[in-house]
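A.B. asks: Provided below for reference: sequence and predicted model.
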Amino acid sequence: MANNKEHKDENRRDFLKKGLALGAVALIGGKLNSNINKEEEQSKEKIKVLTQDGELIEIDKPEKSCSTCAPAKGDEARKGIPGRKFTMVIDLSKCSNARKCIEACQHGHDLLPHQEFMTVSLIKDNKYSEPYWFPKSCYHCDNPPCVKVCPVGATFKRTDGIVLVDADACVGCKFCISACPYSARIFNWEDRESYQDNSDDYSPETSLPAQVGTVSKCDFCADRSREGKLPYCAESCPMGAIYFGDINEDTITNGEETLRFKKTIADRGAYQEMKHLGTEPNVYYLPPVNKSYPYERGLEDLSEEKKEMYLKSIKS
Ligand code: SF4
Ligand code: SF4
């Protein structure tokens, strides 16, 4: 079973690590990060980081392990990481349906091939516009209808903005599935051997191990944020289309490029899906203008059946 604790993939994009470990220190860019890695290797004691004021400073290297880095469980998992407000920004001009985000998420969350916390659709807004690829996860809404309808408090909103499901408390009524206007939730119909895995206690932050008869969804990789890592989807996207970060620090990164959150969404005309519903999503989209790739690229590696499905979806 894929297990976050055992995820051995070297995290080449662990920018959040420095930010989370150091509290007020802002996220830093890819070039600087590679310099940091080299310096870490040499001294093992000091690293350089960029402060909120743009000053490059040298600080003690944070300890690799700390008591707050392990996935939180029980009541602790309901609190959120102090001082954080997580957000995601997806640049639709970069997505080419590479589907690496889906694969990495499925691997990290022990999902079956048909279970997708992250989906990618092909969208055509009107008959004059070019189609574009549209990745979508749970939006971790600030006003989440899913939380309001849960009769047992199994799904909840944390202080750091993340909406989670506690499978230990979920009774499988599916009210939340009906209430979510974004179809962000899945139901675990199959009983699987890996669900019986007791080698690691269940944590709502990892969604592992899942349980038959309960609901699951994107968890913004809360456990990885605790460790200072990007979510699987943002880390794995080869196009750098998915940025993740902290609204309180006004910083987002795709691991290669680090941007100011507020300036980016203002300058690029970012939008939230179906904002008029009042759900207040925490995922923002940068419109697909000046696309990096023709949408056809995203069809190249698909089966005929899938290709047909996507093309049918944009026929008007
Ligand atoms: S996208 Fe759906 S599941 Fe996620 S927080 Fe919003 S309403 Fe809830
Ligand atoms: S399916 Fe589970 S999480 Fe969803 S509303 Fe019912 S008890 Fe709550």
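C.D. replies: It's in. Ligands and ions are numbered 1, 2, ... in the order given.

A.B. asks: So which bits of this structure are right by ligand 1?
C.D. replies: 138-141, 144-146, 163, 180, 182, 184-185, 217, 279 (CB under 6 Å from any ligand atom). (Each C-beta comes from the backbone N, C-alpha and C, glycine too.)

A.B. asks: Which ones among these lie within strands?
C.D. replies: Counting by DSSP state E, the part of the residues of the chain next to ligand 1 found in strands is 163, 185, 217.

A.B. asks: quick one: low-confidence parts of the stretch 1-150 of the chain?
C.D. replies: 1-68 (pLDDT under 70).

A.B. asks: let's go with 50 and repeat that
C.D. replies: Segments of the stretch 1-150 of the chain classed as low confidence (criterion: pLDDT under 50) are 1-41, 43, 64-65.

A.B. asks: which residues touch the residue in it that ligand 2 sits nearest to?
C.D. replies: Ligand 2 sits closest to Cys150 of the stretch 1-150 of the chain, with a gap of 3.3 Å, by CB to the nearest ligand atom. Cys150 is in contact with 156, 175-176, counting by CB atoms under 8 Å, 6 or more residues apart in numbering.

A.B. asks: can you pull out the strands in the chain?
C.D. replies: 46-50, 56-60, 86-91, 119-123, 132-136, 155-157, 163-165, 185-187, 215-217, 242-246, 251-253, 258-260, 283-286.

A.B. asks: Tell me which of those lies nearest to Met309.
C.D. replies: In terms of CB to CB, the element of the strands of the chain nearest to Met309 is strand 119-123, at 9.0 Å.

A.B. asks: strand partners of the closest one, parallel vs antiparallel please.
C.D. replies: Partners of strand 119-123 in the sheet, by DSSP bridges, are strand 132-136 (antiparallel).

A.B. asks: and the strand it pairs with, how far out from the chain's middle?
C.D. replies: Remark: strand 132-136 is offset 14 Å from the chain centroid, using CA atoms, centre = their mean, to the nearest Å.

A.B. asks: which residues of the chain fall in helices?
C.D. replies: Secondary structure of the chain by DSSP state H: the helices cover 15-22, 30-43, 100-108, 145-149, 175-179, 222-226, 232-236, 261-267, 304-313.

A.B. asks: what comes up buried for the third one?
C.D. replies: This points to helix 100-108. Within helix 100-108, the residues that count as buried by 16 or more other CB atoms under 10 Å are 101-106, 108.

A.B. asks: Show me how far that helix is from its chain's centre.
C.D. replies: Relative to its chain's centre, helix 100-108 lies at 11 Å (CA atoms, centre = their mean).

A.B. asks: Please export the C-alpha coordinates of that helix as PDB.
C.D. replies: What follows is helix 100-108, C-alpha atoms only, in PDB (Å, rounded to 0.1, in the frame of the first residue of the first chain):
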ATOM      1  CA  LYS A 100       0.900  13.100 -13.800                       C
ATOM      2  CA  CYS A 101      -1.000  14.900 -11.100                       C
ATOM      3  CA  ILE A 102      -3.700  12.200 -11.100                       C
ATOM      4  CA  GLU A 103      -1.100   9.400 -11.100                       C
ATOM      5  CA  ALA A 104       0.900  10.900  -8.200                       C
ATOM      6  CA  CYS A 105      -2.200  11.500  -6.200                       C
ATOM      7  CA  GLN A 106      -3.500   8.000  -6.800                       C
ATOM      8  CA  HIS A 107      -0.200   6.500  -5.800                       C
ATOM      9  CA  GLY A 108       0.100   8.700  -2.700                       C
END
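
A.B. asks: what's the angle from that helix to strand 86-91?
C.D. replies: Between helix 100-108 and strand 86-91, the angle comes out at 140 degrees (axes from the mean of the first three to the mean of the last three CA atoms, to 10 degrees).

A.B. asks: how big is the angle separating helix 100-108 from strand 242-246?
C.D. replies: Going by the same axes, to 10 degrees, helix 100-108 makes 60 degrees with strand 242-246.

A.B. asks: ok, and the closest non-adjacent residue to Ser292?
C.D. replies: Excluding its sequence neighbours, the residue lying closest to Ser292 (CB to CB, 6 or more residues apart in numbering) is Lys94, at 5.2 Å.

A.B. asks: Confirm for me that that neighbour is in contact with Pro238.
C.D. replies: No - assessed by CB atoms under 8 Å, Lys94 is found out of contact with Pro238, at 9.8 Å.

A.B. asks: Cys237 and Thr214, how far apart?
C.D. replies: 28 Å (CB to CB, to the nearest Å).

A.B. asks: same question, Thr87
C.D. replies: 27 Å.

A.B. asks: Likewise for Ala179?
C.D. replies: For Ala179, the distance to Thr214 equals 16 Å [CB to CB].

A.B. asks: neighbour count winner among the two?
C.D. replies: Thr214 (20 against 17; other CB atoms under 10 Å).

A.B. asks: was I right about that one contacting Asp166?
C.D. replies: No - between Thr214 and Asp166 there is no contact under CB under 8 Å: 9.1 Å.

A.B. asks: which bits of the stretch 151-300 of the chain sit near ligand 2?
C.D. replies: Checking the stretch 151-300 of the chain against ligand 2 by CB under 6 Å from any ligand atom, the hits are 152, 154-155, 165, 170-176, 215.
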